[in-house]
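J.: I need the structure of the sequence given here:
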Amino acid sequence: MAGMLIRRLHPWKVSPARARQIQQDLRRRLRLEDDVGVITRIAGADVGPVHGSGRLRAAVAVFSFPQLEVLETRIATAKANFPYVPGLLSFRELPVLARAFRKLQCPPDLVLCDGQGQAHPRRMGLASHLGLLLDIPTIGVAKSKLTGSHGPLPWEKGSWVPLLDNHEVIGAVLRSRNGVQPLYISPGHRISLEKSIDCVMACLGRYRLPETTRLADWLASDRGRSKQHPKKPGLQRPSPPATL
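T.: Next up is the predicted model:
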């Protein structure tokens, strides 16, 4: 199967006020129960700026699961046509990310996004928006908190506490390595919080970030621009620097 079908949900060139209304409308279509099936391929997705150009660079890295061997990586670049507005990053980043997904030869069964899912003021972070766009299960794996509060988190790897917003559980604060800063995990679409945590844990290696989003983060950044992708998918894994 070549490429992925990208659904047309709405126009992308809209005002911030209209973008917020679109988020409110789309959230009614989200499903937060498990509809994942057997996972044999799992992807990481991220978008970064191409510094000094006004353009964005999107990266998708597809891994075998549970082996976590790289099967395919795809890159796309495009001009940023929406301003940087907290809570509306999907309108800035998803158009170029969709281009990267269209190039895939090995579509994933599940996507881990560097960003929020339900842990968003309108419950429509980038992971949730992407899930509807692709009609695929998605998980938000964020490095920082956008909204919500939580109690103390034990320092051991695998510990987690609920992320709350007005007593509603919107995600989990997860310790991915002993003593490091936590990750903020939230379901995007077609997956539960419990399953989201299990999948993120299954993708962890020696670093704070899951291998999926760690590679996508590197490829989307200026650090990864000069590196060649593997010529034969699955035979070798590009090695991001250990400082990620």
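J.: Pull the residues that contact the top helix by length along the chain.
T.: Identified as the longest helix of the chain according to DSSP state H is helix 89-102. Helix 89-102 has contacts (CB atoms under 8 Å, 6 or more residues apart in numbering) with 3-4, 6, 12, 14, 19, 45, 47, 56-60, 74-78, 80-85, 115, 124-126, 129-130, 133-134. C-beta coordinates here come from the backbone N, C-alpha and C atoms, glycine included.
J.: And the next helix or strand past it?
T.: strand 110-113 (DSSP states H and E).
J.: If you count neighbours, what's buried in that following strand?
T.: 110-113 (16 or more other CB atoms under 10 Å).
J.: Can you spell out which helices and strands pack onto the helix or strand just after it?
T.: Following strand 110-113 in sequence order, the next helix or strand is helix 126-134 (DSSP H and E). In terms of contacts (3 or more CB pairs under 8 Å, 6 or more residues apart in numbering; DSSP states H and E), helix 126-134 is packed against helix 16-26, helix 89-102, strand 110-113, strand 138-142, strand 183-189.
J.: Just the C-alpha atoms of helix 126-134, please, in PDB.
T.: Extracted in PDB, the C-alpha atoms of helix 126-134 (Å, rounded to 0.1, in the frame of the first residue of the first chain):
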ATOM      1  CA  LEU A 126      -2.100  18.000  17.600                       C
ATOM      2  CA  ALA A 127      -2.300  14.200  18.200                       C
ATOM      3  CA  SER A 128      -6.100  14.300  18.400                       C
ATOM      4  CA  HIS A 129      -6.400  16.400  15.200                       C
ATOM      5  CA  LEU A 130      -3.900  14.100  13.400                       C
ATOM      6  CA  GLY A 131      -5.900  11.000  14.500                       C
ATOM      7  CA  LEU A 132      -9.100  12.400  12.800                       C
ATOM      8  CA  LEU A 133      -7.100  13.500   9.800                       C
ATOM      9  CA  LEU A 134      -5.700  10.000   9.200                       C
END
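J.: just how off-centre is it within its chain?
T.: Taking CA atoms, centre = their mean, to the nearest Å, one finds helix 126-134 lying 9 Å from the centre of the chain it belongs to.
J.: I figured residue 136 hits residue 190, correct?
T.: Yes - counting by CB atoms under 8 Å, residue 136 does reach residue 190; the two are 7.1 Å apart.
J.: mind checking how far the nearest residue to residue 145 once chain neighbours are set aside is from residue 208?
T.: Distances taken as CB to CB, 6 or more residues apart in numbering put residue 184 closest to residue 145, at 5.3 Å, once the chain neighbours are dropped. For residue 184, the distance to residue 208 (CB to CB, to the nearest Å) stands at 12 Å.
J.: contacting residues for residue 6?
T.: 98, 101-102, 133-134.
J.: what residues are up against the spatially most central residue of the chain?
T.: Against the mean C-alpha coordinate of the chain, by CA atoms, centre = their mean, the closest residue is residue 113 at 0.4 Å. Residues near residue 113 by CB under 8 Å, 6+ apart: 44-46, 126-127, 130, 138-141, 188, 213.
J.: Neighbours of the spatially closest residue to residue 147 that is not a sequence neighbour, how many?
T.: In space, and not counting its chain neighbours, residue 147 is closest to residue 121: 5.2 Å by CB to CB, 6+ apart. Neighbour count of residue 121, defined by other CB atoms under 10 Å: 16.
J.: pretty sure residue 121 is touching residue 166, no?
T.: No - contact criterion CB under 8 Å: residue 121 and residue 166 do not qualify, at 11.0 Å.
J.: From residue 212, how far off is the closest residue in space to residue 159 that isn't next to it in sequence?
T.: Nearest residue to residue 159, sequence neighbours excluded (CB to CB, 6+ apart): residue 175, at 4.5 Å. According to CB to CB, residue 175 stands 18 Å off from residue 212.
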